[in-house]
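1. no sequence on this one, just coordinates:
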């Protein structure tokens, strides 16, 4: 199996899907990455805070585009083999 640009895009799609399905109460809060773990207003934002915001943003913004991208990917895989 050759490493192509399409396989790179498909891997990125799988990673975004993995981030989008993380459940906040079941997984993220148990490992200390829930939104209630964020520091207060005015404090310096660290890497942990930025990753939590990224996960929350992906779950909020990418919901509809992920449905479309997944459907398109499945259709391409069915047509092309």
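-> Yes, it's here. Because the structure is predicted, anything quoted here is derived from the model rather than measured.
2. Look through the protein and tell me its longest helix.
-> Criterion DSSP state H: the longest helix present in the chain is helix 63-80.
3. Flag every buried residue along that helix.
-> 66, 69, 73 (16 or more other Cβ atoms under 10 Å). All C-beta atoms are positioned from the backbone trio N, CA, C, and that covers glycine.
4. try stretch 49-67
-> Using 16+ other Cβ under 10 Å as the test for burial, stretch 49-67 gives 52, 55, 56, 58, 59, 66.
5. on contacts alone, who are the packing partners of the lowest-mean-pLDDT helix or strand in the chain?
-> For the chain, counting by mean pLDDT, DSSP states H and E, helix 47-61 ranks last in confidence among helices and strands (a mean of 84). Judged by 3 or more Cβ pairs under 8 Å, 6 or more residues apart in numbering; DSSP states H and E, helix 47-61 is in contact with helix 5-20.
6. can you give me the angle the helix it packs on makes with helix 47-61?
-> 100 degrees (axes from the mean of the first three to the mean of the last three Cα atoms, to 10 degrees).
7. Rebuild the buried residues of stretch 49-67 as a markdown table, extending it with distance to residue 7.
-> Converted to a markdown table, the buried residues of stretch 49-67 look like this (distance: Cβ to Cβ, whole Å):
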| residue | distance to residue 7 |
| --- | --- |
| 52 | 30 |
| 55 | 25 |
| 56 | 28 |
| 58 | 21 |
| 59 | 25 |
| 66 | 18 |
